[in-house]
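Engineer: Predicted model, plus sequence, below.
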Amino acid sequence: ASCGFVVDRFCVDLSELLGVFVACVLSVVKSQGRKKRSTRMAQPKGLSQSKEALLKSYTKRLKDDMKSMIDNFTEIIKSTRVPLEEEGQVLRPLQVTQDQYEMHVRAANIVRAGESLMKLISDIKQYLILNDFPFVNDSIAQNSQRYCSVQMDCDQRLMSLRDDMAAELYDLEEEYYSSCYK
C-alpha cells in the first residue's frame, strides 16, 4: 500500500511540476505575442490565428508527452509487483520475461517522450528567437547608435590629428623656406 502511495505522490508531483513548466512556457510565448501586438498599429488576422494554432499545438504536444511519461512510469511501477502463485495462468518464467520486455518498451517510451519535450523546448526557443522582431529591431538600433557614436569619435580624432599635422606642416614649411640652407 505504501509503494502505491509513493508512486501516486510521485506522479502527482511530476504532473504539478510539468504543469508549472507548461504555464511558464505558455505565459512567455503569450507575453511575447502581447508585446508584439502592442508595438504594432494593426496586426493581420491570419498571423494571430496561426500563433494561436501554434500555441495550441505546443500545449497539446506538451500534455501528450507529460501524460505518456507519467503513464509509462506508473505502469513500470505496477509491473514490478510480484504476483502471487494463484494469480494469472501464465507460467512464472514466461511472465517475468514478458514483464521485462514490457519495462524495456515503457522505458523507451519515457525516453522518447523526454526527447520530444526537449525538442518542444528547442522549438519554443527557436520560435521566440526568430519571431521576436521588436527585440531584434531594438538590438539593431542600439548597435547602430553605438557604431555611429564610435564613428563620430573616430571622425573627431581624425579631424584633430589632421589639424595638428597641418599646424606642424605649416611650421616645417616656415622653417624650410626661411632657412639659409635651401
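Structural biologist: Ah, there it is.
Engineer: okay, and the helix or strand of the protein with the least pLDDT?
Structural biologist: Least confident helix or strand, the chain: helix 2-39 with a mean of 60, by mean pLDDT, DSSP states H and E.
Engineer: pLDDT averaged over the following helix or strand past that one, what's the number?
Structural biologist: The first helix or strand that comes after helix 2-39 along the chain, using DSSP states H and E, is helix 45-79. For helix 45-79, mean pLDDT is 83.
Engineer: ok, now stretch 151-169?
Structural biologist: Stretch 151-169 shows a mean pLDDT of 94.
Engineer: buried ones in that stretch?
Structural biologist: Residues of stretch 151-169 include none that count as buried (16 or more other C-beta atoms under 10 Å). Backbone N, C-alpha and C define where each C-beta goes, glycine included.
Engineer: how deep is R61 tucked in, by neighbour count?
Structural biologist: By other C-beta atoms under 10 Å, the residues close to R61 number 15.
Engineer: Nearest residue to it in space, please, no chain neighbours.
Structural biologist: Leaving aside its chain neighbours, R61 sits nearest to L120 (5.3 Å; criterion: C-beta to C-beta, 6 or more residues apart in numbering).
Engineer: ditto for I110
Structural biologist: In space, I110 is closest to N72, 4.9 Å off (C-beta to C-beta, 6+ apart).
Engineer: mind listing what that neighbour touches?
Structural biologist: 106-107, 109-110, 113 (C-beta atoms under 8 Å, 6 or more residues apart in numbering).
Engineer: Looking at these, which are in helices?
Structural biologist: Among those, the subset assigned to helices under DSSP state H consists of 106-107, 109-110, 113.
Engineer: Just give me the closest of these to K56.
Structural biologist: A113 (19.2 Å; C-beta to C-beta).
Engineer: I figured the residue nearest to R61 hits L62, correct?
Structural biologist: Yes: the pair L120 / L62 is scored as a contact, 6.0 Å apart, by C-beta atoms under 8 Å.
Engineer: For those two, indicate the residue with more neighbours.
Structural biologist: Counted by other C-beta under 10 Å, L120 and L62 do not tie: L62 has more neighbours, with 21 against 17.
Engineer: Kindly write the ChimeraX command that selects the buried subset of the contacts of N72.
Structural biologist: Selecting only the buried entries of these in ChimeraX, with 16+ other C-beta under 10 Å as the criterion:
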select :106,109,110,113
